[in-house]
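[1] I need the structure of the sequence given here:
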Amino acid sequence: MCTFAPAKIIELNKIRVGIVNYLNTKPLIYGIEKEPFRSSIELTGAYPAKVARMLAEGQIDVGLIPIATLPQFPEYHIVGNYCIGTEGEIASVCLFSEVPLHSIERVYLDYQSRSSVALLKWLMRESWGIKPEILQAEDESYRDQIKGTTAGLVIGDRALEQRKVSTYIYDLGSEWRAITGLPFVFAAWVSVKPLPEDFIREFDAANGLGLNYIDNIVEDIHYPTYDLRKYYKLHLSYELDERKRAAMQKFLSVLDS
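    Residues are numbered from 1 along each chain as shown. The predicted structure follows:
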């Protein structure tokens, strides 16, 4: 069995880790980016949908990917005990509009998302009962089209910015919780083949480290757009506990329906 002590990792092929470049991941990657663990891996950053593609194409060994992409993998493994999740209001995954739900005629889907897109489509169909024209965004220009009766799904840091622009904000985490009573998991660490247990233990410990340094992380970022202490401590929930695992299975089951 391989021993992933820092001195020995250098002698092995580094495990390639795909991370997401959003504010919501900062607590998880805080410890990953610190030595000695940082020297044991090769880090690549991208938006969620792209990280999923990289994992599918074999460009990375483990990635923080949207859970809605899991069915596309013939084999996958949830790695560790951390995720990007929420117990209710998420704040950074929302449908934005200038008009109420039943006045929306068109909806742009965020090109950076997969889980949020799938969740929005389910909410429109099963809960809200609306059937707007669906438009797939190709780049950031779609946000300029969120006006009149055209709404848009925006995720990540851009959603925190959009909160200052749009009149109506429909938080997808809150809507899911109201219907199911469950938390929601937007992304989890996933590999397509088993990883060494020693690596997983070290990786999990690195993931959890930043949760003890939220105040330091907030001070280092200097983000005036939104209260990051509130974001990290109230909106986001990082532990992949049994309730969140059950919520993942519930969501994957509705994707099949």
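[2] my guess is Thr44 meets Asn21, correct?
    No. In this structure Thr44 lies outside contact range of Asn21 using Cβ atoms under 8 Å: 10.1 Å. Glycine gets a C-beta too; all of them are placed from N, C-alpha and C.
[3] and Tyr226, what does it touch?
    Counting by Cβ atoms under 8 Å, 6 or more residues apart in numbering, Tyr226 touches Ala91, Leu160, Arg163.
[4] local confidence estimate at the closest residue to the last one other than its chain neighbours?
    Nearest-residue entry for Arg163: Ile169, 6.1 Å, with adjacent residues in sequence omitted and distances by Cβ to Cβ, 6 or more residues apart in numbering. Here, the pLDDT recorded for Ile169 equals 98.
[5] kindly report the same for Glu87.
    pLDDT for Glu87: 98.
[6] how many other residues sit next to Glu140?
    Glu140: 12 surrounding residues under other Cβ atoms under 10 Å.
[7] let me know the distance separating it from Tyr111.
    Using Cβ to Cβ, to the nearest Å, we find Glu140 at a distance of 9 Å from Tyr111.
[8] most residues in a single strand of this structure, which one?
    strand 77-86 (DSSP state E).
[9] may I have that one exported as CSV, CA atoms only?
    What follows is strand 77-86, C-alpha atoms only, in CSV (Å, rounded to 0.1, in the frame of the first residue of the first chain):
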residue,chain,number,x,y,z
HIS,A,77,-16.8,7.6,-6.3
ILE,A,78,-17.8,10.3,-3.8
VAL,A,79,-14.5,11.3,-2.2
GLY,A,80,-14.4,12.5,1.4
ASN,A,81,-17.0,14.1,3.6
TYR,A,82,-17.3,17.7,2.2
CYS,A,83,-19.4,19.3,-0.4
ILE,A,84,-20.9,22.6,-1.6
GLY,A,85,-24.3,22.4,0.0
THR,A,86,-27.0,24.4,1.8
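[10] parallel or antiparallel, which strands does that strand pair with?
    strand 184-191 (antiparallel), strand 237-239 (antiparallel) (DSSP bridges).
[11] so which of the ones you listed is the most surrounded?
    strand 184-191 (a mean of 26; mean count of other Cβ atoms under 10 Å).
[12] what does it contact?
    By Cβ under 8 Å, 6+ apart, strand 184-191 touches 20, 48, 55, 61-67, 70, 73, 76-80, 82-86, 90, 93, 115-116, 119, 172-173, 176-177, 203, 207, 240, 244, 247-248, 251.
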